[in-house]
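K.L.:
need the 3D shape of this:
(4 chains)
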2 protein chains.
Amino acid sequence: MSNRRTPLARERVSLRAVAELAEVSVATVSRVMSQSSHPVAEETRKRVLAAAERLGFQPNQLARALVTARSQTVGVIVHDISDPYFGELVKGLEDEIRADGYRLFVASSDRDPERELEYLRAFEAYQVDALVFAASALEDAAYRHDVETLVDRFESRGGITLVLSDHFVGGHKVHFDNRAATAAMVDYLADLGHRHIGFITGPPDLTVSRHRENAFREAMEQRGLSYDTDLVAEGSFSIEGGKRAAMQIVDTGAPTAIFAANDLMAIGATRALLDAGYRIPDDISVAGFDDMPLAEYAPVPLTTVRVPTYDIGREGAVLLRQILAGQDPDDAYLTGEIIERRSVARPR
Amino acid sequence: MSNRRTPLARERVSLRAVAELAEVSVATVSRVMSQSSHPVAEETRKRVLAAAERLGFQPNQLARALVTARSQTVGVIVHDISDPYFGELVKGLEDEIRADGYRLFVASSDRDPERELEYLRAFEAYQVDALVFAASALEDAAYRHDVETLVDRFESRGGITLVLSDHFVGGHKVHFDNRAATAAMVDYLADLGHRHIGFITGPPDLTVSRHRENAFREAMEQRGLSYDTDLVAEGSFSIEGGKRAAMQIVDTGAPTAIFAANDLMAIGATRALLDAGYRIPDDISVAGFDDMPLAEYAPVPLTTVRVPTYDIGREGAVLLRQILAGQDPDDAYLTGEIIERRSVARPR
DNA sequence: CCGTGCACGGTAAACGATTTCTACGATCGC
DNA sequence: GCGATCGTAGAAATCGTTTACCGTGCACGG
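P.N.:
All right, here's what the predicted structure looks like:
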């Protein structure tokens, strides 16, 4: 192994060093530093604190975690760290949980099952107290099996898991009702008079894509509108994908509105349509999903269904706090909401 | 302390358990699991591997890190995890460094000195091998002092630090030439014929804001253009700030172009100006800085100077790799580039 | 036939904390 | 005046690894 200490490394400051300087035992120093309930005389405490200060002592969390079997750390899995969706969510999580002295470590899987597993294993090995699935599951049989056995093992050893997404992993969860949110948008469009509604789906290997597409189909049928496969295209949750999908849909069908399964694709669609000479919303309406921070600043301010990302994170943290404290709280439920801006209007 | 093991926790699988099952010593198991250079007979190795597999053994990284004094972990400090700028950068860093078996832990300071210090201390306590400052320094004397002593201590104990931003911390660094990039945009606008150029600055407590503003002033003087304080406003690097600043500038002066110190503010400015009835770029040009992923999909596709964020991360990772391998590489230098889109034109 | 060297495996001492158990003096109740 | 209690502190075991140091047994060269 190439793991040797660098030769320059000065001695690190341990409990022992502090103990020697303060002329007490390491036990006493530990008690002072970790605010143990074991009593320590005021005068001794002061001596210890002074010595610790003087040496710049920082308790080694690794050693501490090793003996307590608690690392005060939670691992978060996201798909793409540069996606503002996850950014908001992690922020909510963090703002809330840091008050309890926990640290968040976030890892990005890039939607690669292999990579996600690798990070999951790393989190396990670093003994995080909780595992948070902020990212939707991947639709892959091998992945599913591996994640399940890993999570089982993790939980059987006292770890807790929290799910903030569309995921098969069990345990505590904050639910966002994709079905209802999707239906709400379909209803909104239908109420405006749209009958030919195009739909841009996410990548097929993401559970959330499947859920939103199914919800779309059901909502359309519910309203007695035909679910026309010519009006459905895949846009892989990206801007470029949204462009391609939108052009494909207007080429093959004649929608009066296009509903994209996320804002990024809606923005791509908007741009492509605009560049192709369509006026939005006069010629065609475009609706998104998520209400990402920049949705308001899209080429046309985007009408979309808001996913309360930050709140999902915050609610997750609240759940986490309770579970960590040994309680068994109920799941949290959050719903979407239509945000009306300028990209949707009645059909002509 | 509230750190007791949960009562449900099944026994964890340690080296010892594997050793017992395989009927060898823990040393042998360790040698097999950590691919030590110490020879182990093929037959023994197989037995160990089988036992480890059967028990679902995962070496405890905490314990490992404790003895090797290497955690195979790097801590990254960013300002705002939901800012795509940092997302891209971290992605570059991660894509490159993960090949070497390192894990990235990212923490978000929210531009709060207190919080940043707290995370820095946590990273130190978790014994990260490297500290990466992806975020610009904060302009605060106390913060500066604390960070400096912390970094000194960290380095004197063998840690390495890497700077990817405008920061006073020394050590290895990948430089982005803000001055040249800013000047390039000023030149570009001036060449187009703009003489009254407004400027929207970032928050004053960020080092990078100061650098870009100074660079703007110098570049203007260089071109013989007057630096008019009526045409400068603060926009705090946010969309809302950009809106406010833009309106303020057009209220007090008569710029033919506005240059914002980041894209977010440029987008805010664009939207505000558009809503106030200005045509862009016909009535007024707007330029940004960063070329964030959505700059192309702003209300008007944004002309901006591209900061190669992903590459900054990647270059940082290759530096890291070399330093970790014991070398002493030269700093990396990256430059900006004007991206022409539709938000800038000749003045009327 | 014996010393050398190598392959292989075990023992035990770290790493830096926490925590249980024990010890010792002082105070207190009776 | 004596046992009980309390406040305070230290010794030592422990967490799960790595690794320096030994001790075998066997092959091989001289």
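
K.L.:
phi, psi for the residue most central in space within chain A please.
P.N.:
Central residue of chain A (CA atoms, centre = their mean): residue A:134, 3.0 Å from the mean position. When read as degrees, to the nearest 10, the backbone of residue A:134 gives phi -90, psi -20.

K.L.:
doesn't residue A:92 make contact with it?
P.N.:
No - using CB atoms under 8 Å, residue A:134 is not in contact with residue A:92; the gap is 10.2 Å. In short, each C-beta sits where N, CA and C put it, glycine included.

K.L.:
what do those two both touch?
P.N.:
residue A:313 (CB atoms under 8 Å, 6 or more residues apart in numbering or on different chains).

K.L.:
checking the residue of the stretch 101-250 of chain A found nearest chain B next. Helix, strand or coil?
P.N.:
Closest contact between the stretch 101-250 of chain A and chain B, by CB to the nearest CB, is at residue A:158 (3.4 Å). Counting by DSSP: H, G, I helix; E, B strand; the rest coil, the backbone at residue A:158 sits in coil.

K.L.:
what's the local residue count around it?
P.N.:
17 (other CB atoms under 10 Å in any protein chain shown).

K.L.:
what's the neighbour count on the residue of the stretch 101-250 of chain A found nearest DNA strand D?
P.N.:
Residue nearest to DNA strand D within the stretch 101-250 of chain A: residue A:125 (8.2 Å; CB to the nearest atom of the strand). For residue A:125, the count of nearby residues is 18 (other CB under 10 Å).

K.L.:
for it, which non-adjacent residue is spatially closest?
P.N.:
Excluding the flanking residues, the one nearest residue A:125 by CB to CB, 6 or more residues apart in numbering or on different chains is residue B:61, at 4.1 Å.

K.L.:
dump the residue contacts of residue A:317.
P.N.:
Residue A:317 touches A:92, A:93, A:94, A:95, A:96, A:97, counting by CB under 8 Å, 6+ apart.

K.L.:
where's the nearest residue to residue A:94 once chain neighbours are set aside, which helix or strand?
P.N.:
Excluding the flanking residues, the one nearest residue A:94 by CB to CB, 6+ apart is residue A:104, at 5.0 Å. Element membership for residue A:104 (DSSP states H and E) is strand A:103-108.

K.L.:
that strand pairs with which strands, and in what direction?
P.N.:
strand A:73-78 (parallel) (DSSP bridges).

K.L.:
any idea how far the strand it pairs with is from the chain center?
P.N.:
The chain centre lies 9 Å from the centre of strand A:73-78; the measure is CA atoms, centre = their mean, to the nearest Å.

K.L.:
could you list the alpha-carbon positions for that strand in PDB?
P.N.:
Provided in PDB are the C-alpha atoms of strand A:73-78 (Å, rounded to 0.1, in the frame of the first residue of the first chain):
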ATOM      1  CA  THR A  73     -22.400  12.000   9.700                       C
ATOM      2  CA  VAL A  74     -25.000  11.400   7.000                       C
ATOM      3  CA  GLY A  75     -24.300  10.400   3.500                       C
ATOM      4  CA  VAL A  76     -26.500  11.700   0.700                       C
ATOM      5  CA  ILE A  77     -26.700  10.200  -2.800                       C
ATOM      6  CA  VAL A  78     -27.700  12.500  -5.600                       C
END
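
K.L.:
what is the mean pLDDT for that strand?
P.N.:
Mean per-residue pLDDT for strand A:73-78: 93.

K.L.:
ditto for stretch A:86-100
P.N.:
If you average the pLDDT values across stretch A:86-100, you get 92.

K.L.:
tell me, how many residues neighbour residue A:179?
P.N.:
As a measure of burial, residue A:179 has 16 neighbours, counting by other CB under 10 Å.

K.L.:
buried residues in the helix or strand containing it?
P.N.:
Secondary structure from DSSP H and E places residue A:179 in helix A:178-192. Neighbour-count burial for helix A:178-192 flags A:178, A:179, A:181, A:182, A:183, A:184, A:185, A:186, A:188, A:189, A:190 (criterion: 16 or more other CB atoms under 10 Å in any protein chain shown).
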